[in-house]
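S.K.: when you get a sec, could you give me coordinates for this:
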Amino acid sequence: MKITLTQFLTLDGVIQGPGGPEEDTSGGFTHGGWSFPYGDEGFIAFVTEVFDRADAFLLGRGTYDIFASYWPKMTDPADPIASRLNSLPKYVASTTLTGADWQGTEIIGREDLVKDVTALKERPGRELQLHGSAGLAQSLLEHELIDTLHLLTFPVVLGTGKRFFADGALPTAFRHTGSRTTSRGVAINSYERDGRPEYGSY
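M.R.: Predicted coordinates:
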């Protein structure tokens, strides 16, 4: 399976608390819920397309806790997101989680996260999907384990909050593979990892 990441971010690169005011208030963050006003039909259509390609999910501990508190309660079989999340394997990366009640969940990364994720990539299937989980995603990018990025850039600047590409990120080149813009201005761009950056001079 290849690992794909779907990440929401603002124009100034903030990824913290897109889903609600209380999602992540660490560091005194007060702008949670910034993605909500832009959830139009185009946005929903893209997210549905992504979930349709999933064969399994890989989640960081924080995102897993948020998902596990909500999606198991969504039992409509026609819901394209809930039906996938509730039926497909879920792997949560954690060194502290001792148990997981959400059906189909396996805890990985207790001793060697890179080894565990590499083993998952070697399994047959289409996509092992990572949604949000920025801390985990940054670690996997550092070890060149993420193959595809879907970056959804929302037309808002917050000026504060955790950013996705922080100082010290591994220099990496990407090949642009697709783009669209929703009616409310969310720019959706997809990229495939493509080695190291090349440099030159004008």
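S.K.: residue ranges of the helices in the chain, please?
M.R.: Assigned by DSSP state H, the helices in the chain fall at 41-52, 61-68, 80-87, 113-121, 134-142.
S.K.: for the longest one, which helices and strands make contact with it?
M.R.: Taking 3 or more CB pairs under 8 Å, 6 or more residues apart in numbering; DSSP states H and E as contact, the helices and strands that helix 41-52 lies on are strand 2-10, helix 80-87, strand 148-154, strand 174-181. All C-beta atoms are positioned from the backbone trio N, CA, C, and that covers glycine.
S.K.: 7 Å instead, please
M.R.: helix 80-87 (3 or more CB pairs under 7 Å, 6 or more residues apart in numbering; DSSP states H and E).
S.K.: may I have the helix it packs on as PDB, with CA atoms only?
M.R.: Output in PDB follows, covering the C-alpha atoms of helix 80-87 (Å, rounded to 0.1, in the frame of the first residue of the first chain):
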ATOM      1  CA  PRO A  80     -19.300   7.200   2.700                       C
ATOM      2  CA  ILE A  81     -16.900   8.300   5.400                       C
ATOM      3  CA  ALA A  82     -18.300   6.600   8.400                       C
ATOM      4  CA  SER A  83     -18.800   3.300   6.600                       C
ATOM      5  CA  ARG A  84     -15.100   3.200   5.600                       C
ATOM      6  CA  LEU A  85     -13.800   4.400   9.000                       C
ATOM      7  CA  ASN A  86     -15.900   1.900  10.900                       C
ATOM      8  CA  SER A  87     -15.300  -1.100   8.700                       C
END
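S.K.: so what's residue 58 up against?
M.R.: Counting by CB atoms under 7 Å, 6 or more residues apart in numbering, residue 58 makes contact with 3, 91, 117, 120, 128-130.
S.K.: centroid residue for the protein?
M.R.: residue 131 (2.4 Å; CA atoms, centre = their mean).
S.K.: how about that one, nearest residue that isn't a chain neighbour?
M.R.: residue 6 (5.1 Å; CB to CB, 6 or more residues apart in numbering).
S.K.: now the one you found: how far from residue 98?
M.R.: Counting by CB to CB, to the nearest Å, the separation of residue 6 from residue 98 is 28 Å.
S.K.: looking at those two, which has the bigger crowd around it?
M.R.: residue 6 (21 against 6; other CB atoms under 10 Å).
S.K.: residue contacts, the more buried one?
M.R.: By CB under 7 Å, 6+ apart, the neighbours of residue 6 are 50, 129, 131, 150.
S.K.: between the residues you listed, identify the one with the most neighbours.
M.R.: residue 129 (25 neighbours).
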